[in-house]
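Peer 1: got a predicted structure here, sequence first:
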Amino acid sequence: MSLTKAHGAAPAVAATLLFLHSQPGLYAAETDSDTTLPAIEVKAQAETEADNGYVAKRSTAGSKTDTPLIETPQAISVIDNAEFTARAAQNITQAVAYTPGLLTGMFGPSTRDDYFNLRGFDAPQYLDGTRLAGANYANLRIDPYGLERIEVLRGPASVLYGQNPPGGLINMVSKRPTAQPFHELQMLGGSFGRVQGALDFSGPLDEQGKFLYRLTALGRGSDSQVDFSKDDRYFVAPSFTLQPDANTSLTFLSHYQKDDASNTMQFLPYQGSVVGNPNGRLPTSTFLGEPGFDHYRREQFAVGYAFEHRFDRHWAVRQNLRYADVKSDYPVTFALGFVTDNDRVPVDYRTVSRLAGLYRDQAGTFTLDNHAQADFAIGDVRHTALLGLDFRQINGDRQRGFGSPSDLDMYSPVYGQPFAAPQIETLVNQQQDQIGLYGQDQIQWRQWIATIGVRYDWASNASLRTDYYDSDTDRIDYAKPRYSGSRQDDAAFTYRTGLSYLFDSGVAPYFNYSESFEPTAGSTFAGTPFKPTTGQQFEIGVKYQPPGVNALITLAAFELTQQNVVTPDPDPAHVGFSIQTGAARSRGIELEGKARLEMGLDVTAALALIESQVTKTNEANQLGKKLSYTPETQGSLWLDYTQPSGALAGLGLGGGVRYTGSNYGDLSNSQKAPSYTLIDASVHYELGKLDRRLRGARLGVNISNLFDREYVATCGEGSCYYGDRRNVLASLRYNW
């Protein structure tokens, strides 16, 4: 499709929608009057039913419409609340750990953020369809207890969501008010002194059910596997739904969260964590910071709403709005590497030099997504057409300063040596804006389903930097600030197409082509701003939903490419500058299956085989190398069985295995994190089977990394990160 045609695509969709609305004769024959409108049902699980277990049948992530997964021509994984609750997931990283092609836990038991690599590229996070953007170290982190499900959308998603990396995204769906009364209390405790309490209450506030509420809250105190590190949190999420009639709903969504944590992300050297060190292997509890100085504190809140109104059986409008604010205070001590002699040889392989940093970041994000949906038919061809306009603005502020603490002996650390605390020496203010216009049509003719989507985006990025450090006097002078700034504007067109065929047997083969774009900050030596990176993906696959069996199996094969990657300028006169000549490729096969069997068994299985490569670069040591954080092989299997009857009725056992192949943390592939296999287990019992007065009470014990395997999750740029050690959690949950 040419660019000229592309510019007219979205307005053409709008014109088509308006024309069809004015021509009622074009709609298919109806059995009911247009004045009889379908009821809007608000429930806790909008796309899945409670008795489906781990098996989701519908999702909005891949189309922004309520579409069956088997009719969506794209690989999507849905991790329902029932699944990640069964594994006692304490963060999003753990909740999606059994998802194919998704690398999690990249930097160990991080108390700061969740990090993901999907099909070879970073995977951003969304909440209820809107981007969870932040600035620097001020990023929103969502607690899984406040979620109904998590949707992993694979491949480029710019047509529906705007600027994004090409690998895909993680969309989290908040718990919402329920029409039926629901109450839950939970107590949990276990390894590293973790003590946690939570509640989840919901139901109608009036007899007519027009006002619904939900209150979810959690509080915990905990240490971690790293010395001098804690992980405390307070979380509360009130929400309300107003349903004045059967065709209108307005849901207010909010949350407040405060984290008082420490720095568990330790920059350990390769010698001593992966390969041998004359002094032995470093303990997984190694702390290279300064107690009393290092910590990570975050305070975040978000408020917004989801509005829907259906005019008749054909037309509906929706608006999702959110404002989120997050502040972080992050004084931290980094290990820079071994202390070396004049020949850059480590003097003893145990003493590291360090840098103290002080980061105070704040980010405010406003997101708005409006779209109209038209459901109509022309003859025997049915359409679900979508026309939308979204907007996102991010305002970020960073205060930054550095200090020089003393060197540290990793094997016999002596903390508390005095050093000059960092002072704020740089301020950076940033504003990013994105406006996108998109259109989509899902066309069904008999058993064929075609999906066509187009989008045009306008994006801008402006920054202002203020420096107080004076290199001439080697001191910070707040009276003499120096200013520098930049602005960059980009625009991009993206589109996607997909085709599925639904066999009566439950088999649905599909094909998908999709595109992505992501702005790149900076400019060339000549001052020319960088173009956005672009990505394209071809995906073929087959989905299988066996008739009469609660299961869904997805097999997908893909080839994904990215262009305009920034690489160093080869001109010797342009040292320190870059050009855009880089390209990368990722291709592979992913298999995922989920089922709930009548015998009382829940199953999820996954396998991913991915071949990634740097296909174009000016760096000779990177050409042909594997992409960062991209294992060639990943596989997992989780089984959870509950005895349905007999003397052991209500007793359940769960177990799982996760395999992650080796991966590299930089494009030169200089350091490799070895493969590892982890075993998880659980046991749970419905106490109501023991005594009817205890109906609704459930006791459980979960063990992750059952055999306490010590492993390195990733290595890159000279630093390595240990993965999670064995974690035992006991929980008591009561529902009524």
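Peer 2: Looks like it came in fine.
Peer 1: where does pLDDT dip in the stretch 1-150 of the chain?
Peer 2: 1-51 (pLDDT under 70).
Peer 1: for K210, the count of nearby residues, please.
Peer 2: Residues lying near K210 (other CB atoms under 10 Å) number 14. The way it works is simple: take the backbone N, C-alpha and C, and place the C-beta from them, glycine included.
Peer 1: who's in contact with it?
Peer 2: Applying CB atoms under 8 Å, 6 or more residues apart in numbering to K210 gives the contacts P204, L242, Q243, P244.
Peer 1: change it to 7 Å
Peer 2: L242, Q243, P244 (CB atoms under 7 Å, 6 or more residues apart in numbering).
Peer 1: same question, S484
Peer 2: Contacts of S484 (CB under 7 Å, 6+ apart): R465.
Peer 1: so which residues of the stretch 501-650 of the chain form helices?
Peer 2: For the stretch 501-650 of the chain, applying DSSP state H, counting those that start in this stretch gives no helices.
Peer 1: give the contact list for the residue nearest to S353 when sequence neighbours are not counted.
Peer 2: Leaving aside its sequence neighbours, S353 sits nearest to L336 (CB to CB, 6 or more residues apart in numbering; 4.8 Å). By CB under 7 Å, 6+ apart, the contact set of L336 is V352, S353, R354, L355.
Peer 1: state the distance from T286 to A556.
Peer 2: T286 sits 40 Å away from A556, going by CB to CB, to the nearest Å.
Peer 1: just R698 next, same as before
Peer 2: In terms of CB to CB, R698 sits 35 Å off from A556.
Peer 1: show me the shaky parts of this protein.
Peer 2: Looking at the chain by pLDDT under 70, you get 1-51.
Peer 1: biggest strand in it, by residue count?
Peer 2: Longest strand in the chain, counting residues (DSSP state E): strand 351-378.
Peer 1: now do the buried residues in it.
Peer 2: 351-354, 356-369, 371-376 (16 or more other CB atoms under 10 Å).
Peer 1: ditto for stretch 402-417
Peer 2: G403, P405, L408, M410, Y411, P413, Y415.
Peer 1: tell me who's in contact with the second one.
Peer 2: Residues in contact with P405 (CB under 7 Å, 6+ apart) are E290, T333, R354, A356, Q417, F419.
Peer 1: excluding residues flanking it in the chain, which one is nearest it?
Peer 2: Sequence neighbours aside, F419 is the residue nearest to P405 in space, at 4.3 Å (criterion: CB to CB, 6+ apart).
Peer 1: phi, psi of that neighbour?
Peer 2: phi -150, psi 160 (degrees, to the nearest 10).
Peer 1: surely it touches G403?
Peer 2: Yes. With contact defined as CB atoms under 7 Å, F419 reaches G403; the gap is 5.9 Å.
Peer 1: overlap of the contact sets of these two?
Peer 2: Common neighbours of F419 and G403 (CB under 7 Å, 6+ apart) are A356.
Peer 1: R698 and A556: which has the busier surroundings?
Peer 2: A556 (24 against 18).
Peer 1: how far off strand 351-378 does the one helix or strand Q442 maps to point, in degrees?
Peer 2: Assigned by DSSP states H and E, Q442 belongs to strand 426-445. Interaxial angle of strand 426-445 relative to strand 351-378 (axes from the mean of the first three to the mean of the last three CA atoms, to 10 degrees): 30 degrees.
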